[in-house]
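**Q** The following block contains a protein sequence and its predicted model.
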Amino acid sequence: MPFKNANLKIIEGYSQYLLCVLGVEVYMKFKRIIIVVIFILGFISGYGIVNINKDRAVISDNYKIASKNNALTMMLETDIDSNEYEVATSIEWPTSGYIFNAEMSACERGGTLSWDSENNRVVMASGSADKCYVYFDRYTTVSITNVTASNITNSSITLMVEATVFDSPITNYYYSKDNGLSYEESTSNTYTFSGLEQGAEYNFKVYAVDSNGVSSNIYSLRASTKDIIYLADYIKDTVYTGTDGDNGLYYHDGSGSYTNAAQEAGDNSYRYAGANPNNYVCFASDAASCPNDNLYRIIGVFGDQVKLIKNTSLGNYYWSGSSSNRRNTWSNSTLNTGTLNGTYLNGLGTTWSAMIETTTWKVGGGNYSRLRDSRVKTAYNYELGNNSSSTTYNAKIGLMYVSDYGYAASPANWRTTLINYDNDTNRNNNWMYIGGYDWTISRYSDNATSAFVVNNSGSVSNLYVYYNFADGYGLGVRPSFYLYPWVGIESGNGSVESPYRLTLPELVEFSFAGTTYYLEDGMTWEEWVNSIYNVDGLVVSEGNIFNSTLTSKLSITGSGEFIKATDVIDYNNSSTWYWYNI
């Protein structure tokens, strides 16, 4: 007797599979009889363990069904890889700790069984009444143990997932920013949500799926975007449009498509170039109209740091600091130690000097062929790149590099040697050129008495560090420095009429092991470690705070206790912290 349109439907209600209805349309010769067979699913109870070979698709012959009315029997493995199963006593499909065994699950009369992972239930397809046996193997699912929010800006938050993997590897992660209403799929355990609202709190949810399609637990956390726009982020995300040259900004990733893009530094910096881009900043002044002496310009963004240079000269100085000091060693220059990082820095005031980060300046310099008679890409390579000297100096204030000046010219000039930057095409298309003689920080490495300068003609050359003009004094000095990543933008559009005005979040300053750090009051160690304030690369591991090499753990003197990542930072007791070597 043929069957037509036979369906097995799962009736949802108190149980996901308690009741099934099999509709069978039976066709006779001259009339149709509709037979609806309703049967109740049950389970065998009181039976012992059944030993099954997992390679077989049917149960052993010695297994008996207790009642002919039973249509579905659920079998659960007793332990991982035990190959032993027992009849389930629950009427609920297992939701954790088990995985559907499609190979062993079978029906006596040809019906098929499949697992509906979305609804966590078994689906049976059969053309007739059938008796089926559903097998579930013991299985340890992936467990998400921790999710941290890091790299938080005013418009983005990065989530990083820690998970314990047991039987099968993770294939996909799912991230939600709207409390689970929608998810983004990724194969990475880190995911960045961009385009978020400034100063807004988000309810994140994360789960993972392994190679067997089994989902982990769902991990929830809350995190808020910053209520401040970081200047570095603003330049990279707003001023830079994705098209090199827009707003005079170029991304030096080494793969641009514009003319002379092959001459980029390749350091992933964002640099301003051309005649007069809107890269002005009002620094060390809150006056309504920014004084000319307080106008600075943005060289570019390097990592998360914005680099500034004073728009006008601080005055004329010897590179070495005095006419009697004839050595081109930057660490011994009183222009460096006494003027720039002494008188000038102190004169900025506490609020403004707190915006400037101590930087490792590369001061080994180079010779004629590398910094004067070469193109800017070569100069960069020997000043800062792969072929640079290992000679460095740590300080807040420095001077421009030769390559800073070279890359400030429009890209059409980047194939011109720096000694030949002395023509109208180069001068008129280089915003850093201001018409005078200006020292760079780079020494001439083939002797002990010279350093490189930008001439009043626009070219690059070298002069004695004790050089003086007819008036008996040195060359122009334009202080340059890097801002902390957390310096924000308050107003302005970068033009000379409306320069960017800067601001700082409310920070707490504390010292530890001779270094000054900053944090937002109320931060936990984990929040601080995953923030831009963690300038030393500290990490969280196993719930504690470690140095960047995981060789020392932060502890409290005399207590024998390690500082926990969940602790709020007690910056008033920083004198009691110490590194415990492990």
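**A** Alright, I've got the coordinates.
**Q** from here on, contacts and neighbour counts on C-alpha atoms
**A** Fine.
**Q** where does the stretch 51-200 of the chain dip in pLDDT?
**A** Low-confidence segments of the stretch 51-200 of the chain, defined by pLDDT under 70: 51-70, 95.
**Q** just the strands in it please.
**A** For the stretch 51-200 of the chain, the strands identified by DSSP state E, counting those that start in this stretch occupy 72-77, 84-87, 98-100, 106-107, 112-116, 121-125, 132-138, 143-150, 157-164, 170-176, 184-186, 190-193, in order along the chain.
**Q** Provide the contact partners of the fifth one at residue level.
**A** By CA atoms under 8 Å, 6 or more residues apart in numbering, the surrounding residues in contact with strand 112-116 are 100, 102, 105-107, 121-126, 134.
**Q** quick revisit: now tabulate the strands of the stretch 51-200 of the chain in JSON lines and tack on mean neighbour count and distance to residue 527.
**A** Compiled in JSON lines, these are given as follows (neighbours: other CA atoms under 10 Å; distance: least, CA to CA, whole Å):
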{"stretch": "strand 72-77", "mean neighbour count": "22", "distance to residue 527": "43"}
{"stretch": "strand 84-87", "mean neighbour count": "20", "distance to residue 527": "47"}
{"stretch": "strand 98-100", "mean neighbour count": "22", "distance to residue 527": "36"}
{"stretch": "strand 106-107", "mean neighbour count": "22", "distance to residue 527": "52"}
{"stretch": "strand 112-116", "mean neighbour count": "16", "distance to residue 527": "39"}
{"stretch": "strand 121-125", "mean neighbour count": "17", "distance to residue 527": "40"}
{"stretch": "strand 132-138", "mean neighbour count": "22", "distance to residue 527": "38"}
{"stretch": "strand 143-150", "mean neighbour count": "18", "distance to residue 527": "7"}
{"stretch": "strand 157-164", "mean neighbour count": "17", "distance to residue 527": "12"}
{"stretch": "strand 170-176", "mean neighbour count": "20", "distance to residue 527": "20"}
{"stretch": "strand 184-186", "mean neighbour count": "13", "distance to residue 527": "24"}
{"stretch": "strand 190-193", "mean neighbour count": "16", "distance to residue 527": "16"}
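**Q** Put together CSV for those, with distance to residue 290 on each row.
**A** Listed next are those as CSV, based on distance: least, CA to CA, whole Å:
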stretch, distance to residue 290
strand 72-77, 77
strand 84-87, 81
strand 98-100, 69
strand 106-107, 81
strand 112-116, 67
strand 121-125, 69
strand 132-138, 71
strand 143-150, 35
strand 157-164, 34
strand 170-176, 45
strand 184-186, 46
strand 190-193, 37
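**Q** quick one: which of the ones you listed is nearest residue 412?
**A** Minimum separation from residue 412 across these (CA to CA) falls at strand 190-193, 36.0 Å.
**Q** Pull up the pairing partners for that closest one, direction included.
**A** Counting by DSSP bridges, the strands paired with strand 190-193 are strand 157-164 (antiparallel).
**Q** As CSV, could you dump the C-alpha coordinates of the strand it pairs with?
**A** Once side chains and other backbone atoms are set aside, the C-alpha atoms of strand 157-164 remain, and they are given as CSV (Å, rounded to 0.1, in the frame of the first residue of the first chain):
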residue,chain,number,x,y,z
ILE,A,157,35.9,48.1,21.9
THR,A,158,37.9,45.0,21.3
LEU,A,159,36.9,41.7,23.0
MET,A,160,39.3,38.9,23.7
VAL,A,161,38.1,35.4,24.5
GLU,A,162,39.8,32.8,26.7
ALA,A,163,38.3,29.3,26.4
THR,A,164,39.1,25.8,27.5
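**Q** Next, the angle from that strand to strand 143-150.
**A** 160 degrees (axes from the mean of the first three to the mean of the last three CA atoms, to 10 degrees).
**Q** and residue 288, which of the strands of the stretch 51-200 of the chain is closest to it?
**A** When the strands of the stretch 51-200 of the chain are compared for distance to residue 288 using CA to CA, the nearest one is strand 157-164, at 34.3 Å.
**Q** Now do the closest one: distance to the chain's middle.
**A** Average the C-alpha atoms of strand 157-164, do the same for its chain, and the two points are 11 Å apart (CA atoms, centre = their mean, to the nearest Å).
**Q** so which of the strands of the stretch 51-200 of the chain comes closest to residue 536?
**A** If you check each of the strands of the stretch 51-200 of the chain against residue 536 by CA to CA, strand 143-150 wins as the nearest, at 15.3 Å.
**Q** mind saving the C-alpha coords of the closest one as CSV?
**A** In CSV, the C-alpha atoms belonging to strand 143-150 read as follows (Å, rounded to 0.1, in the frame of the first residue of the first chain):
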residue,chain,number,x,y,z
SER,A,143,34.0,26.4,27.9
ILE,A,144,34.5,30.1,27.6
THR,A,145,36.2,31.1,30.9
ASN,A,146,36.8,34.8,30.4
VAL,A,147,36.2,37.7,28.0
THR,A,148,38.0,41.0,28.4
ALA,A,149,37.3,44.3,26.8
SER,A,150,40.5,46.2,25.7
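**Q** Given that strand, what are its sheet partners and their directions?
**A** Strand 143-150 has the following strand partners under DSSP bridges: strand 157-164 (antiparallel).
**Q** quick revisit: among the strands of the stretch 51-200 of the chain, which is nearest residue 377?
**A** Minimum separation from residue 377 across those (CA to CA) falls at strand 190-193, 32.7 Å.
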